[in-house]
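Q: My questions concern the predicted model and sequence given below.
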Amino acid sequence: MDRRAAAAHDACMENISLSFVAFVFALAGAVKGVTGLGLPTLSMALLGWSMAPAQAAALMLLPSLLTNLAQCVGPHARVLARRLWPLWLAMGIVAAFAPVPGLGASRSFAAGLLGAVLAAYGLWGLVKPALPRPGRRERWIAAGAGALSGLLTAATGVFVMPLVPFLQSMKLERDALVQALGLSFTLASLALAVRLEGLGSGLATEAWPLHAVAVAAAFAGLGAGASLRGLLRAATFQRALYAVFVMLGLALLAKAL
């Protein structure tokens, strides 16, 4: 990280209160505890109001990576690797190295892209269109979905589109889908970390108090959300969450414009 980028990163981080970071990641962790996903998306949406998307992505990385690790464990890793390696390879290379604007662009441009992706993801979740199975062309479709997911990850720091719809179109058994999501999100987080380091927005040591609070709050929220899972109607909760993504996305897009 060069000196100028590091100074800008530190100045941005100093303006973010620990209490706000704790609130954002406790809430995002609770959502992940209930639904199994949503931590990076919700935390990026909320942090995007107070900081540049590149800094928000840097703060989101550790909580996302660490809370996803538990989802990576399971008996389906070998089968998933045989089917998903084109997705993972394309997504990782593009997310880490593709020369696309977004996180490294102006704050308003990056926030506008983030808002557009959040709104699209929310609308997709509300409509839930029936997607056909990939069939014989699964590897080629997986590679295309991975490349597009990598582009959007590089541009916005959010790695749900079209990754999540593609994985759901494969009609995996529930435990296999959870593990596939965990592995895919973990790889996307690592690729994003490489990109952010190249942009000068990596995990600066001066901001470790914020990172530590983010991780602790995310795990606290994760535990709370898991305990509430049986008390909430998952379908209703998810629809409300997708509606929130639409509203936050449109608000960020309007703010950027």
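A: In hand now; what should we look at?
Q: give me the low-pLDDT residue ranges for the protein?
A: 1-16, 102, 104-106, 199-206, 234 (pLDDT under 70).
Q: all helices for it, in order.
A: Assigned helices in the chain, in chain order: 3-14, 18-35, 39-47, 53-72, 77-97, 107-127, 138-156, 163-169, 174-199, 208-228, 234-256 (criterion: DSSP state H).
Q: For the fourth one, what is the distance to the chain centroid?
A: When you say that, I think you mean helix 53-72. 7 Å (CA atoms, centre = their mean, to the nearest Å).
Q: neighbours around the nearest residue to residue 162 once chain neighbours are set aside, how many?
A: If you skip the residues right next to it in sequence, residue 162 has residue 145 as its closest partner in space, 5.1 Å away by CB to CB, 6 or more residues apart in numbering. Glycine gets a C-beta too; all of them are placed from N, C-alpha and C. Look at residue 145: counted by other CB atoms under 10 Å, it has 24 neighbours.
Q: my guess is residue 145 meets residue 164, correct?
A: No. Using CB atoms under 8 Å as the test, residue 145 is too far from residue 164 to be in contact (9.9 Å).
Q: before we move on, the earlier item: please identify the deepest-packed of the helices of the chain.
A: helix 39-47 (a mean of 26; mean count of other CB atoms under 10 Å).
Q: Just list what that one packs against, helices and strands only.
A: Judged by 3 or more CB pairs under 8 Å, 6 or more residues apart in numbering; DSSP states H and E, helix 39-47 is in contact with helix 18-35, helix 53-72, helix 107-127, helix 234-256.
Q: and the angle from the second one to helix 77-97?
A: It refers to helix 53-72. 170 degrees (axes from the mean of the first three to the mean of the last three CA atoms, to 10 degrees).
Q: Show me what helix 53-72 is packed against.
A: Secondary elements touching helix 53-72 (3+ CB pairs under 8 Å, 6+ apart): helix 3-14, helix 18-35, helix 39-47, helix 107-127, helix 174-199, helix 208-228.
Q: rerun at 10 Å
A: If you count contacts as 3 or more CB pairs under 10 Å, 6 or more residues apart in numbering; DSSP states H and E, helix 53-72 packs onto helix 3-14, helix 18-35, helix 39-47, helix 107-127, helix 138-156, helix 174-199, helix 208-228.
Q: could you check the angle helix 18-35 makes with that helix?
A: Using the same axes, to 10 degrees, helix 53-72 lies at 40 degrees relative to helix 18-35.
Q: One more: the last one?
A: Inter-element angle recorded for helix 234-256 and helix 18-35: 140 degrees (by the same axes, to 10 degrees).
Q: Export helix 234-256 to PDB, keeping only CA atoms.
A: Taking Å, rounded to 0.1, in the frame of the first residue of the first chain, the C-alpha atoms of helix 234-256 are listed here in PDB:
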ATOM      1  CA  ALA A 234     -37.400 -18.200   7.100                       C
ATOM      2  CA  ALA A 235     -39.400 -17.400   3.900                       C
ATOM      3  CA  THR A 236     -41.000 -14.300   5.400                       C
ATOM      4  CA  PHE A 237     -37.700 -13.100   6.900                       C
ATOM      5  CA  GLN A 238     -35.900 -13.500   3.600                       C
ATOM      6  CA  ARG A 239     -38.500 -11.600   1.700                       C
ATOM      7  CA  ALA A 240     -38.200  -8.800   4.100                       C
ATOM      8  CA  LEU A 241     -34.400  -8.900   3.800                       C
ATOM      9  CA  TYR A 242     -34.600  -8.800   0.000                       C
ATOM     10  CA  ALA A 243     -37.000  -5.800   0.200                       C
ATOM     11  CA  VAL A 244     -34.500  -4.000   2.400                       C
ATOM     12  CA  PHE A 245     -31.800  -4.700  -0.200                       C
ATOM     13  CA  VAL A 246     -34.000  -3.100  -2.900                       C
ATOM     14  CA  MET A 247     -34.600   0.000  -0.800                       C
ATOM     15  CA  LEU A 248     -31.000   0.400   0.300                       C
ATOM     16  CA  GLY A 249     -29.800  -0.200  -3.300                       C
ATOM     17  CA  LEU A 250     -32.100   2.400  -4.800                       C
ATOM     18  CA  ALA A 251     -31.200   4.800  -2.000                       C
ATOM     19  CA  LEU A 252     -27.500   4.400  -2.700                       C
ATOM     20  CA  LEU A 253     -28.100   4.700  -6.400                       C
ATOM     21  CA  ALA A 254     -30.100   7.900  -6.000                       C
ATOM     22  CA  LYS A 255     -27.500   9.300  -3.600                       C
ATOM     23  CA  ALA A 256     -24.700   8.600  -6.200                       C
END
